[in-house]
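Asks: sequence first, predicted coordinates after that:
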Amino acid sequence: MSTTQPPDRLAEEERRAYAVYDQVIRPLLRAEDDGKYVAVAWETGDYEIDADDYAATNRLLARLPGARLWLMRAGQAAAYRMRHVGPGAA
């Protein structure tokens, strides 16, 4: 069984997760939440916020086993920054 999702399905999940974030979660965020991870169950609108991404996702999955989650970061453009380091790169 493949876990790869078609790009259009992923785009729809992303759109829905950001809609929940913008409409429900963002208005409730406090200054001390900046930089914390936000796990969003976009199908239900449930979420968890924590400084630890694993803690946020685990709490949400404990409440909603099998939920499809989207992870983002409060006040940030992305939850993670990734960089490919090829052969010979420092």
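Replies: Nice, I can see it.
Asks: residues contacting the residue nearest the centre of the chain?
Replies: Centroid-nearest residue in the chain, with C-alpha atoms, centre = their mean: residue 71, separated by 1.1 Å. Counting by C-beta atoms under 8 Å, 6 or more residues apart in numbering, residue 71 touches 37-40, 53, 56-57, 79. (C-beta placed from N, C-alpha, C; glycine too.)
Asks: can you tell me the element it falls in?
Replies: In this structure, residue 71 is located in strand 69-73 according to DSSP states H and E.
Asks: so how far is that strand off the chain centroid?
Replies: 0 Å (C-alpha atoms, centre = their mean, to the nearest Å).
Asks: what mean pLDDT does that strand have?
Replies: Averaging the model's pLDDT scores along strand 69-73 yields 93.
Asks: which elements pack onto the lengthiest helix in the chain?
Replies: Across the chain, the longest stretch assigned as helix under DSSP state H is helix 7-20. Here helix 7-20 touches strand 69-73, going by 3 or more C-beta pairs under 8 Å, 6 or more residues apart in numbering; DSSP states H and E.
Asks: partners of the strand it packs on in the sheet?
Replies: strand 37-41 (antiparallel) (DSSP bridges).
Asks: which strands border whatever helix or strand comes next after the partner strand, and is each parallel or antiparallel?
Replies: If you walk from strand 37-41 toward the C-terminus, the next helix or strand you reach (DSSP H and E) is strand 46-50. The pairing partners recorded for strand 46-50 under DSSP bridges are strand 37-41 (antiparallel).
Asks: count of neighbours near residue 18?
Replies: The number of residues packed near residue 18 is 16, by other C-beta atoms under 10 Å.
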